[in-house]
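> heads up, no residue letters with this:
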């Protein structure tokens, strides 16, 4: 697992998070390299969440939101896409491959697509290699937990 | 407000790379509103710089962020006084005035600009800012139906438009409205078009930047003994 890429996925509560849950219920196999952080909407995504992840050494970041036109908050996913584009430009300036960050759109019924997205990203990151900012695996897990704590936005009572 | 945008990361790196501890100072006023140098942008840039430094084998350089309410006012800069000696350079995310105010207040610390200050302008639409004022020191908007020919006409004409005005656009750029077309349209709507039948006399530029940096003094507001006109 040490040489496997570690991916952080910012998933919208209304689609990708449910799709990941569905993938589990459907007993679909996908790489275990992904750590999922649930957002109330990808519109909640701040560029510094993504930068914090890369700074702490994750190899890749997935932002997964609703299908375009299907956002529960009307246009949160469209805003997220523009932010992701901006962060990709910033990553290029920093000297990290922009391909380490990607936004996907899917519906809550697409468990199979979620598995596909994770597989695609893992394959891409294997080709790119480990992030040059990577730290020890144990520490990354702690850092991922910390990013999740910072990005946490929804009260426990509203969780599925 | 003053509108600015961020410098590219490699340019900032060139300035700060030779220092050990760098304080990134955001400003909570104009550049926060134009999304260039507020608390959020300072956080984003800080993170980006730390990563860029590590990737260039300068991971030993410490970059930390803080934001003050206004970099162009001594009372707010004073809040940094205790912290600054811990760093050997400052990268300011304020406008040019903020950068220079920090440099004056901390004479022993190098201060670098993190932003390119652009202009005085307004928020035209979400994410779009446009220039409206050149700060010429002698406002004549009243004569030009409230539209500034110095700022909005590419040639700064006082008796326009020129031959480069086509279909309401300036020849400089197809998206740029002709300042004089705007003046004429608005004057027409206001029923004051006849004002433009006379030749407008030349502008008095002595109040502009050409005479060196300007100063505004309000003696009634000055603390006795501290007011200087020169």
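Now that the structure is in, tell me what you want to look at. Quantities reported herein were computed from a predicted structural model and do not represent experimental measurements. Numbering: from 1, shown residues only, chains lettered A, B, ... in the order given.
> now the helices: where do they sit in chain A?
A:16-25, A:47-55, A:76-94, A:111-128, A:137-151 (DSSP state H).
> Pop out the phi and psi values for the nearest residue to residue B:112 once chain neighbours are set aside.
Excluding the flanking residues, the one nearest residue B:112 by CB to CB, 6 or more residues apart in numbering or on different chains is residue B:15, at 4.2 Å. C-betas here are computed from N, CA, C, even on glycine. Main-chain dihedrals, residue B:15, degrees, to the nearest 10: phi -80, psi -40.
> Hmm, residue B:15 is touching residue B:111, no?
No - with contact defined as CB atoms under 8 Å, residue B:15 does not reach residue B:111; the gap is 9.9 Å.
> more crowded one of the two?
For residue B:15 versus residue B:111, neighbours defined as other CB atoms under 10 Å in any protein chain shown are more numerous around residue B:111 (23 against 17).
> okay, now residue B:215: neighbour count?
Neighbours around residue B:215, by other CB under 10 Å: 8.
> Name the SS class of it, please.
Three-state call for residue B:215 (DSSP: H, G, I helix; E, B strand; the rest coil): coil.
> what's the spacing between it and residue B:8?
Taking CB to CB, to the nearest Å as the criterion, residue B:215 is separated from residue B:8 by 34 Å.
> Same question for residue A:42.
For residue A:42, the distance to residue B:8 - CB to CB - is 27 Å.
> So for those two, which residue has more residues nearby?
Counted by other CB under 10 Å, residue A:42 and residue B:8 do not tie: residue A:42 has more neighbours, with 30 against 11.
> Give me the pLDDT for the more buried one.
Note for residue A:42: predicted pLDDT of 97.
> returning to that earlier point: format the helices of chain A as JSON lines; extra columns: distance to residue B:88 and mean neighbour count.
Below are those laid out as JSON lines (distance: least, CB to CB, whole Å; neighbours: other CB atoms under 10 Å in any protein chain shown):
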{"stretch": "helix A:16-25", "distance to residue B:88": "45", "mean neighbour count": "20"}
{"stretch": "helix A:47-55", "distance to residue B:88": "22", "mean neighbour count": "23"}
{"stretch": "helix A:76-94", "distance to residue B:88": "23", "mean neighbour count": "19"}
{"stretch": "helix A:111-128", "distance to residue B:88": "35", "mean neighbour count": "18"}
{"stretch": "helix A:137-151", "distance to residue B:88": "28", "mean neighbour count": "14"}
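> and the lengthiest strand in chain B, what does it pack onto?
When chain B is parsed with DSSP state E, its longest strand is strand B:115-125. Other helices and strands packing on strand B:115-125, by 3 or more CB pairs under 8 Å, 6 or more residues apart in numbering or on different chains; DSSP states H and E, are strand B:2-6, strand B:128-133.
> Let me know which of these is tucked in deepest.
strand B:2-6 (a mean of 21; mean count of other CB atoms under 10 Å in any protein chain shown).
> Now do that one and strand B:128-133, the angle between them.
Counting by axes from the mean of the first three to the mean of the last three CA atoms, to 10 degrees, strand B:2-6 points 140 degrees away from the direction of strand B:128-133.
> Pull the residues that contact the longest helix seen in chain B.
Of all the segments assigned as helix in chain B under DSSP H, the longest by residue count is helix B:39-55. For helix B:39-55, the external contacting residues (CB atoms under 8 Å, 6 or more residues apart in numbering or on different chains) are A:46-48, A:51-52, A:54-55, A:90, A:93-96, A:132-133, B:6, B:9-10, B:12-13, B:16-17, B:22, B:24-26, B:28, B:31-32, B:35, B:59, B:61, B:63-67, B:93, B:114.
> which residues are common contacts for residue B:15 and residue B:111?
residue B:91.
> ok, how many other residues are close to residue 12?
Picked chain A for this. 30.
> let's do chain B instead
24.
> Would you quantify the distance from residue B:53 to residue A:55?
Using CB to CB, residue B:53 is found at 11 Å from residue A:55.
> count of neighbours near the closest residue in space to residue A:72 that isn't next to it in sequence?
Closest residue to residue A:72 in three dimensions, ignoring its sequence neighbours and counting by CB to CB, 6+ apart: residue A:14, at 4.5 Å. Using other CB under 10 Å, residue A:14 has 22 other residues around it.
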